[in-house]
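> Attaching a predicted model along with its sequence, questions to come.
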Amino acid sequence: MQMQIDRTGGQIAMSGEFTFTDHIPFKQMVTEILAAPGKAVVIDVSKLDFIDSAGLGMLLLARDEAKKSHRELILRRPSGQVKRMFAVTKFNTLFKVEE
Amino acid sequence: MSPVMSTVETTVDDRVVPEGLTDARILIADDDPLCRRLVAGVLRAQKFTNIAFAEGGLSAVEQVRRFRPDLLLLDMQMPDMSGLEVCRQIRAQPDFADAPILVQTATVDRKRMGELFAAGASDFLSKPINPSELIARVVVHLDRWNSLRALRDYRERISGELEAARRMQVELLPDPITLQWAARTADLRIASYNRSSSELGGDLWGMLPINNGAFGIFLADFTGHGINAALNTFRLHALIHEYKGLHDDPGALLSMLNERLVRLLRVGQFATFMYVVVDHRAGVLKCASAGAPPAILIQGANGRARLCDSSGFPLGVERGVRYRTSRRKFPVGSLLLLFSDGLSEFPDATGGRVGDDGLKAALDACGPALTPQEVIQRLCATAGMSDSCPLPDDTTIVCLDRRAMPRSRGQSASGHGSSDRAASQPAANSSHGGR
C-alpha cells in the first residue's frame, strides 16, 4: 500500500492493497493528519485495489481517533473490491462515504 | 609444547565480571601444566570458580562430554591431537555445536586461522596470554552463549505452549462423531477444511444440534490472525454455547453475540459471522450474516450456484444492531458452501484472487458425482491453494451436500476421519455423511 498525505488539505490518498502489514505506517499517517488543524479528514481510497478485514479494522481505529479529536472521517470514492467490502460489512453506513 | 605466558601483567582490569557469569563451567585444555595453572589463575582472580582441566586433545574431547563446559579454552598445539581436530570432534556433538571455543595459539598465520574458524573455533587468543584480553574475550563469549541459550529456552517454551493452545483450539471444532451423527440424521453430507496461517488461528466454525435433526452451522473469522484472534475464538465459542435458546433463531443469536462482543473487543477488532440453521425436514435454511463472505447455494438438482446476500455489520463494531434472519429453500439435491475470506482472497502464484464469483463459477463446474470433500479440493485448487503452501490468512470451508450420492450408496457410514488442523499439517479435510 502506498500513501500520500496532504496535511493542509487534511487528506490521505491510498493506493495498492491495504492489509495487516500496513498498520504501522497507516497509524502514523492518521496521527500526523489529526495533529494538523482542520475539520474533516478525507481518506481517498479511489486507487485502493484491495482491502482485507485487518484493513477494515484500521479504518475503524482511524474513525475512533478522528472522533476523539472531534473530526469527521470521510472515505472518498471506493471502487471494485473495496466498494464491495464496504457494502457487505455495511461500512458504507458506518462511515461517511463520498462517491 | 606451547610458549608459556612470558609476562605476568600486574595491571588488573577494573571491569568486574558480571555476577551471573562467574559460575560458568570453563574447561582449560593444554598439555603444559604451567599454562593451565596460569590461565586458571587469571580466571580465579576474576572469581570464576567452576574450572576443569584436560591434559591433551583426547582428554579435552572426553571432558567436554563429561564436564559439559559453557566455554572451552583450547591450546592449538597438543601432542596427541591437534586443536583443529579437537574443534571438529567437539562441534560434531549436538550439545556443543554452538558453545564458545576460544583457541590459544602462538602462531598468527592467516591461513591457519581460516582453517581454525572453519573447524568451529569461536575466537582466538594469541600466546603469550594477556590476562585482560583473556577475561574480556571469555566474558563476551559467555554472555553471547547465555543469551543464545536463554532465547532458545524461551522459544522452546513458547512453542510448547503454542502447541498446547493449538490442540485446545482444534478441540473447539466439531468432533467427528457429532458431525457424523448430524449428517446421517439429516440425510446429507458434511465436509470441512480448516487451516490456520500460523499455529493459532482466528477462524472458528461449529455445528449446533437443535432438534428433530435440525442443526446450525456457524463460521466466524476474527480480524487478524495469531494469538490475539485465537483468544477471541475461545471467547466466541463460550458465548455461542451460552445462548443455546437462540440456536434456532439466527438473527437473534447474532444480535446477542454482537451486544456481547461490542463490549469485549477493542476498537478495530471484530468478527465476520455466518450462521445457518439447516432444517432438512422442511427443506429450509435460515440464515443470518454479519459481513461474512457470501454463502454459495445450489438449490435443487438443477439449480445453478448463486451468491447469497451476506451483508451486515461485523460482530463487535456497533451497538444495538438487529440482525435479520432470511429463509432459503434447501430441497434434496441442494448444496451449500460456507467459507472464510482466506479462500476467496488467497493470492495465487500470480497474485490473483479467485474471489466470490470465481468460486461460484468453480462450484457450477463441479458435477454432482463429486463428494463434498472433492468439491472442497476443487475449490482450493481453483484458488491456487495447495495443501503444502503457506497460508497468508486462516482458511475455513464447510460444504453441506444434499445432492444425489451415487458414490456413497452401499457404503456404510461414509467419511474420512477427522484430521489434524495445524498449519504445518497438510491434511485439514474431514468429511462426514451417510445414507
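Thanks, I have the structure now.
> Write out the residues of chain A neighbouring chain B.
A:20, A:50, A:52-54, A:56-58, A:60-61, A:64, A:81, A:87-90, A:94 (C-beta under 8 Å from any C-beta of the partner chain). For every residue, glycine as well, the C-beta is placed using N, CA and C.
> In contact with the closest residue to A:Ala36 other than its chain neighbours, which residues?
Distances taken as C-beta to C-beta, 6 or more residues apart in numbering or on different chains place A:Arg7 nearest to A:Ala36, at 4.4 Å, with adjacent residues excluded. Applying C-beta atoms under 8 Å, 6 or more residues apart in numbering or on different chains, we find A:Arg7 in contact with A:32-33, A:36.
> Filter those residues down to just the buried residues.
A:Ile33 (16 or more other C-beta atoms under 10 Å in any protein chain shown).
> Kindly indicate which of the contacts of A:Arg7 lies nearest chain B.
A:Ile33 (17.5 Å; C-beta to the nearest C-beta).
> any idea which element the closest one lies in?
Per DSSP states H and E, A:Ile33 falls inside helix A:23-35.
> who touches that helix?
A:1, A:3, A:5, A:7, A:10-12, A:18, A:41, A:54, A:58, A:61-62, A:65-66, A:69, A:71.
> now with 7 Å?
A:3, A:5, A:7, A:10, A:12, A:41, A:58, A:62, A:65-66, A:69, A:71 (C-beta atoms under 7 Å, 6 or more residues apart in numbering or on different chains).
> same question, stretch B:272-281
A:53, B:186-188, B:210, B:212-221, B:248, B:250, B:253-254, B:257, B:285-292, B:295, B:310, B:314-315, B:330, B:336, B:338, B:400.
> residue ranges with poor pLDDT in chain A?
For chain A, no stretch is flagged by pLDDT under 70.
> ok, the strand ranked longest in it: who's next to it in the sheet?
If you go by DSSP state E, chain A has its longest strand at strand A:40-51. If you go by DSSP bridges, strand A:40-51 pairs up with strand A:11-18 (parallel), strand A:72-76 (parallel).
> circling back: residues of the helix holding A:Ile33 that come out buried?
A:23, A:26, A:29-30, A:33-34.
> For chain A, what is the nearest residue in the stretch 51-200 of chain B?
Counting by C-beta to the nearest C-beta, the stretch 51-200 of chain B gets nearest chain A through B:Ser197, at 10.4 Å.
> Are any of the residues of chain A next to chain B buried, and if so which?
A:20, A:50, A:52-54, A:56-58, A:60-61, A:81, A:87-90, A:94.
> all helices for the stretch 1-150 of chain B, in order.
Using DSSP state H, counting those that start in this stretch, the helices of the stretch 1-150 of chain B run over B:33-45, B:57-67, B:83-91, B:110-119, B:131-172.
> weakest of those in terms of mean pLDDT?
When these are ranked by mean pLDDT, helix B:110-119 comes last with a mean of 87.
> who does that helix touch, helix- and strand-wise?
Under the contact definition 3 or more C-beta pairs under 7 Å, 6 or more residues apart in numbering or on different chains; DSSP states H and E, helix B:110-119 sits against helix B:83-91.
> Just the CA atoms of the helix it packs on, as PDB, please.
Extracted in PDB, the C-alpha atoms of helix B:83-91 (Å, rounded to 0.1, in the frame of the first residue of the first chain):
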ATOM      1  CA  GLY B  83      43.500 -28.300  18.300                       C
ATOM      2  CA  LEU B  84      41.900 -28.300  14.900                       C
ATOM      3  CA  GLU B  85      40.800 -31.900  15.200                       C
ATOM      4  CA  VAL B  86      39.600 -31.300  18.700                       C
ATOM      5  CA  CYS B  87      37.400 -28.500  17.400                       C
ATOM      6  CA  ARG B  88      35.900 -30.700  14.700                       C
ATOM      7  CA  GLN B  89      35.100 -33.500  17.000                       C
ATOM      8  CA  ILE B  90      33.600 -31.300  19.700                       C
ATOM      9  CA  ARG B  91      31.500 -29.400  17.100                       C
END
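> Show me what that helix is packed against.
Using 3+ C-beta pairs under 7 Å, 6+ apart: helix B:83-91 touches helix B:57-67, strand B:71-75, strand B:101-105, helix B:110-119.
> can you pull the buried residues of it?
If you call a residue buried by 16+ other C-beta under 10 Å, then helix B:83-91 has these buried ones: B:83-84, B:86-87, B:89-91.
> now do stretch B:184-202
By neighbour count on 16+ other C-beta under 10 Å, the buried set for stretch B:184-202 is B:184, B:186, B:188-202.
> Among these, which lie within helices?
B:Arg184 (DSSP state H).
> I'd guess B:Val267 is in a strand, am I close?
No. Applying DSSP: H, G, I helix; E, B strand; the rest coil, one finds B:Val267 to be coil, outside a strand.
> quick one: pLDDT of it?
Predicted confidence (pLDDT) for B:Val267: 93.
> give me the number of residues near it?
By other C-beta atoms under 10 Å in any protein chain shown, 15 other residues sit near B:Val267.
> looking at it, it is touching A:Asp64, isn't it?
Yes. Using C-beta atoms under 7 Å, B:Val267 is in contact with A:Asp64, at 4.6 Å.
> Now do the contacts for the residue nearest the centre of chain A.
What sits nearest the mean C-alpha location of chain A, by C-alpha atoms, centre = their mean, is A:Ile43, with 4.3 Å. Contacts for A:Ile43 (C-beta under 7 Å, 6+ apart) come out as A:12, A:14, A:73, A:75-76.
> how about a cut-off of 8 Å?
A:Ile43 makes contact with A:11-14, A:59, A:62, A:73-76, according to C-beta under 8 Å, 6+ apart.
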